[in-house]
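[1] Structure for the following, please:
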Amino acid sequence: MKAFTYRRVKKDERDAADLADLLRLGRLPEAWLAPSATRELREIVRGRHKLTALRTNCRNQAHGVVAKRGIAA
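    Below you'll find the model as predicted:
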């Protein structure tokens, strides 16, 4: 697999052929998937992060409008 990163010229056809050879020889490493419980927790954390960012954005916009109007908050 390291040979792919050291090539000076990248060719999709050559990469595909090399990957097919590695797969045929059984030398292609498997991808790791997190357990379903971990994936579920990650999804919850991503959702919470998005909601927190949205809340912060709304709060900042409100402060900007109040500051533009010259109202002391």
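
[2] how far away is the residue nearest in space to the middle of the chain from residue 39?
    Taking C-alpha atoms, centre = their mean, the centroid of the chain lies closest to residue 46, which sits 10.7 Å from it. Using C-beta to C-beta, to the nearest Å, residue 46 is found at 11 Å from residue 39. All C-beta atoms are positioned from the backbone trio N, CA, C, and that covers glycine.

[3] any idea how far residue 24 is from residue 13?
    Here residue 13 is placed at a distance of 16 Å from residue 24 (C-beta to C-beta).

[4] Could you do residue 35 as well?
    Here residue 35 is placed at a distance of 30 Å from residue 24 (C-beta to C-beta).

[5] And residue 41, its phi and psi?
    Note on residue 41: its backbone torsions stand at phi -60, psi -40 [degrees, to the nearest 10].

[6] just for this structure, where's the confidence low?
    1-7, 73 (pLDDT under 70).

[7] how does it divide into domains?
    The chain breaks down by automatic domain parsing into domains covering 1-32, 34-73.

[8] Surely residue 19 is in contact with residue 29?
    No. Applying C-beta atoms under 8 Å, one finds residue 19 not in contact with residue 29, separated by 11.3 Å.

[9] So between those two, which is more surrounded?
    Applying other C-beta atoms under 10 Å to residue 19 and residue 29 shows that residue 19 carries more neighbours, namely 13 against 7.

[10] How far off centre is whichever strand or helix holds the more buried one?
    Residue 19 is part of helix 12-25 when elements are defined by DSSP states H and E. Averaged C-alpha coordinates place helix 12-25 at 26 Å from its chain's average position (C-alpha atoms, centre = their mean, to the nearest Å).

[11] Mind exporting the C-alpha coordinates of that helix to CSV?
    Taking Å, rounded to 0.1, in the frame of the first residue of the first chain, the C-alpha atoms of helix 12-25 are listed here in CSV:
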residue,chain,number,x,y,z
ASP,A,12,-5.9,5.8,-12.1
GLU,A,13,-5.6,2.8,-14.4
ARG,A,14,-2.4,1.7,-12.7
ASP,A,15,-3.8,2.3,-9.2
ALA,A,16,-6.9,0.3,-10.1
ALA,A,17,-4.8,-2.6,-11.4
ASP,A,18,-2.5,-2.6,-8.4
LEU,A,19,-5.5,-2.6,-6.0
ALA,A,20,-7.1,-5.5,-8.0
ASP,A,21,-3.8,-7.4,-7.7
LEU,A,22,-3.7,-6.8,-3.9
LEU,A,23,-7.3,-7.9,-3.5
ARG,A,24,-6.7,-11.0,-5.6
LEU,A,25,-3.6,-11.9,-3.4
